[in-house]
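K.L.:
The amino acid sequence is not available; the structure is as follows:
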Ligand code: NDP
């Protein structure tokens with residue numbers, strides 16, 4: 001039964017919507033003819049079935065992408081023409097935001113209004129990269145040899161493999177898809193097994209925009225074997241991975257097979273540092289947005305609040321005042337402020353971390369359990385743990401849930417030392433009214449993104465990415481084009497003299 005996402009029956013149906021793979025411009029059954037259910041986190045019920053891609057399906061998709069890269073209309077298009085297609089895709093997404101947002105919300109449990117907000121901004125990424133399409137150029141080199149004319153050009157890489165997680169499926173796909181296509185590559189995407197639906201809906205728009213078959217392919221399924229086969233495939237030239245460190249280690253080993261270029265967007269344990277001269281009301285909103293927005297399931301979650309001792313009690317009081325009023329509930333309701341976690345495994349992980357935190361001697365200031373009135377979905381209360389230092393696992397490891405650790409500091413040097421004292425280095429927030437201090441701390445803090453008196457701001461123009469356990473490479477901004485192209489150096493001998501005998505030394 002074909003259902004429309006506008007109907008409220010979508011997540012209540014027993015006759016589940018079924019998704020196939022998208023390979024070479026066609027919707028195809030998986031080679032093994034197997035499908036698996038995708039669940040609605042707000043109800044715990046299956047709402048659609050997704051094709052279980054096999055190694056054979058992955059090979060078919062990569063072969064199609066390889067063929068499209070070398071031999072299709074895509075290969076012979078000008079950069080300007082490719083840019084127009086990317087722009088058109090952005091326009092089509094803009095026309096379908098409500099539907100796509102509902103698919104995301106039903107599949108990953110994030111608030112419909114958050115997904116709507118995120119998706120409304122998505123077309124801007126396509127417009128931004130479309131504008132860059134015919135500005136990807138090399139340089140003429142002032143070479144130190146008189147008769148040589150030497151220049152560089154930037155060329156697409158070939159087949160890109162994109163692996164994405166479940167927390168912001170379309171946003172995280174866009175960060176790969178838009179620059180990869182703009183640069184002239186073809187792509188095979190393996191979304192998270194938990195949240196494939198919105199991407200499969202978006203692919204219908206790729207088709208409508210007029211991309212030639214094989215340029216964009218989607219193989220749904222599990223990390224093993226689909227993701228694993230894809231990232232090790234000999235024809236893949238670049239792997240763009242977003243996810244956790246464990247899977248990333250597999251991917252790093254896989255790219256040792258094909259020597260594909262690799263970018264890794266992994267997790268974080270990001271600090272929000274609140275100085276005594278900060279606007280405390282703003283800072284408290286920043287902390288809450290950083291860790292309780294998306295129920296903490298965000299790579300840049302500000303999961304550590306480092307508070308100056310002088311304002312410690314005040315901030316805690318303001319934090320508890322606001323989070324005790326957070327409306328937890330059905331993500332499809334417009335008045336809900338916090339939804340469930342995306343999977344039962346994620347809920348279990350959060351519960352285990354809370355038990356661990358207590359066993360380690362942490363003190364719970366707020367929350368710490370599932371809300372009593374919401375026992376069916378995978379909900380968890382906003383939770384605050386208080387710590388005197390940062391030696392516990394709760395203050396060091398990524399939880400990916402609504403759990404905040406608060407730790408006091410006494411001066412700027414101690415704040416920086418605490419901020420840098422984890423193996424992650426993705427994002428950091430600094431809250432102060434002192435411009436010089438903001439610059440000093442921004443320079444010293446180990447993070448790929450630093451926000452001053454704001455948190456979680458994003459833009460197509462601004463790169464994101466980290467170092468250490470947070471990965472490497474950057475997405476977003478014009479720098480991303482470099483991640484999807486390679487330089488070619490061309491030497492032209494202008495001399496009219498004959499080539500010298502290479503064995504006669506001059
Ligand atoms: P996972 O690492 O479990 O999965 C990410 C993707 O990798 C999924 O599509 C998964 O497939 C796939 N995968 C798993 N094993 C392999 C393998 N051996 N080879 C290739 N692909 C594989 O992460 P989650 O989905 O649980 O996402 C949460 C993580 O993502 C968190 O650590 C978070 O911090 C990080 N993240 C980072 C962001 C950033 O921009 N830095 C943004 C958002 C999230 P399957 O679904 O079958 O497991």
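P.N.:
Nice, thanks for sending it over. Predicted model only: the values in this text are computed from it and were never measured.
K.L.:
how far away is the residue lying closest to residue 159 once chain neighbours are set aside from the ligand?
P.N.:
Setting aside the residues directly before and after it, residue 159 is nearest to residue 65 in space (CB to CB, 6 or more residues apart in numbering), at 4.4 Å. Every C-beta, even on glycine, is put in place using the N, C-alpha and C of the backbone. Note on residue 65: its distance to the ligand, by CB to the nearest ligand atom, to the nearest Å, is 17 Å.
K.L.:
Go ahead and confirm residue 65 touches residue 181.
P.N.:
No - here residue 65 lies out of contact with residue 181, judged by CB atoms under 8 Å, at a distance of 11.5 Å.
K.L.:
hey, what's in contact with both of those two?
P.N.:
When contacts are counted by CB atoms under 8 Å, 6 or more residues apart in numbering, residue 65 and residue 181 have 187, 215 as shared neighbours.
K.L.:
ok, back up a step: could you pull up phi and psi at the residue nearest to residue 159?
P.N.:
Phi and psi for residue 65, reported as degrees, to the nearest 10, are phi -70, psi -40.
K.L.:
Tell me the predicted confidence for it.
P.N.:
The predicted local distance difference test score for residue 65 is 98.
K.L.:
what number of residues lie near it?
P.N.:
By other CB atoms under 10 Å, 29 other residues sit near residue 65.
K.L.:
Equivalent analysis for the one 5 residues further on, please.
P.N.:
The local packing of residue 70 (other CB under 10 Å) involves 12 other residues.
K.L.:
What residues sit buried inside the host helix or strand of it?
P.N.:
Secondary structure here is read from DSSP states H and E; on that basis residue 70 sits in helix 55-71. For helix 55-71, a neighbour-count test (16 or more other CB atoms under 10 Å) marks 55, 57-69 as buried.
K.L.:
With stretch 309-327 instead?
P.N.:
When burial is assessed from 16+ other CB under 10 Å, stretch 309-327 yields the following buried residues: 311, 312, 315, 316, 318, 319, 320, 323, 326.
K.L.:
Can you add distance to residue 282 and secondary structure and give those back as CSV?
P.N.:
Compiled in CSV, those are given as follows (distance: CB to CB, whole Å; DSSP: H, G, I helix; E, B strand; the rest coil):
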residue, distance to residue 282, secondary structure
311, 13, helix
312, 17, helix
315, 11, helix
316, 16, helix
318, 11, helix
319, 13, helix
320, 17, helix
323, 16, helix
326, 18, coil
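K.L.:
thinking again about what came up before, specify which member of the buried residues of helix 55-71 is nearest to the ligand.
P.N.:
The ligand has its nearest neighbour among the buried residues of helix 55-71 in residue 58, at 10.4 Å by CB to the nearest ligand atom.
K.L.:
who in this structure is up against the ligand?
P.N.:
Contacts of the chain with the ligand, taken as CB under 6 Å from any ligand atom, map to 163-167, 172, 190, 192-194, 222-224, 227-228, 231, 242-244, 247, 250-251, 265-267, 299, 398, 400, 426.
K.L.:
residue ranges of the helices in the stretch 251-400 of the chain, please?
P.N.:
Ranges of helices in the stretch 251-400 of the chain, per DSSP state H, counting those that start in this stretch, are 280-292, 312-323, 344-359.
K.L.:
As TSV, those with distance to residue 385 and mean pLDDT would be great.
P.N.:
Formatted as TSV, the helices of the stretch 251-400 of the chain follow (distance: least, CB to CB, whole Å; pLDDT from 0 to 100):
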stretch	distance to residue 385	mean pLDDT
helix 280-292	11	98
helix 312-323	12	98
helix 344-359	5	95
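K.L.:
now, of the ones you listed, which is deepest in the fold?
P.N.:
Of the helices of the stretch 251-400 of the chain, the one with the most neighbours on average (mean count of other CB atoms under 10 Å) is helix 280-292, at a mean of 22.
K.L.:
What angle do helix 312-323 and that one make with each other?
P.N.:
Angle between the axes of helix 280-292 and helix 312-323 is 60 degrees (criterion: axes from the mean of the first three to the mean of the last three CA atoms, to 10 degrees).
K.L.:
I would like the residues contacting helix 280-292, please.
P.N.:
270, 272, 274, 300-303, 305, 311, 314-315, 318-319, 322-323, 326, 338, 382, 402-404, 429, 431, 451, 453-456.
K.L.:
try it again with 6 Å
P.N.:
Residues lying outside helix 280-292 but in contact with it, judged by CB atoms under 6 Å, 6 or more residues apart in numbering, are 272, 274, 301-303, 305, 318-319, 322, 382, 402, 404, 429, 431, 455-456.
K.L.:
Kindly confirm my reading that residue 430 is in a helix.
P.N.:
No - when DSSP: H, G, I helix; E, B strand; the rest coil is applied, residue 430 is found to be strand, with no helix at that position.
K.L.:
doesn't residue 441 make contact with it?
P.N.:
Yes - with contact taken as CB atoms under 6 Å, residue 430 and residue 441 are classed as touching, separated by 5.1 Å.
K.L.:
neighbour-wise, which of the two wins?
P.N.:
Neighbour count, other CB under 10 Å: between residue 430 and residue 441, residue 430 has more, with 29 against 21.
K.L.:
need the contact list for the more buried one.
P.N.:
When contacts are counted by CB under 6 Å, 6+ apart, residue 430 touches 273, 438, 441, 452.
K.L.:
quick one: average pLDDT of stretch 102-115?
P.N.:
Mean pLDDT, computed over stretch 102-115, is 91.
K.L.:
got a list of what residue 88 touches?
P.N.:
residue 209.
K.L.:
got the buried residues for the helix or strand it falls within?
P.N.:
Taking DSSP H and E as the definition, residue 88 sits inside helix 79-95. For helix 79-95, burial by neighbour count (16+ other CB under 10 Å) applies to 79, 82, 83, 84, 85, 86, 87, 88, 89, 90, 92, 93.
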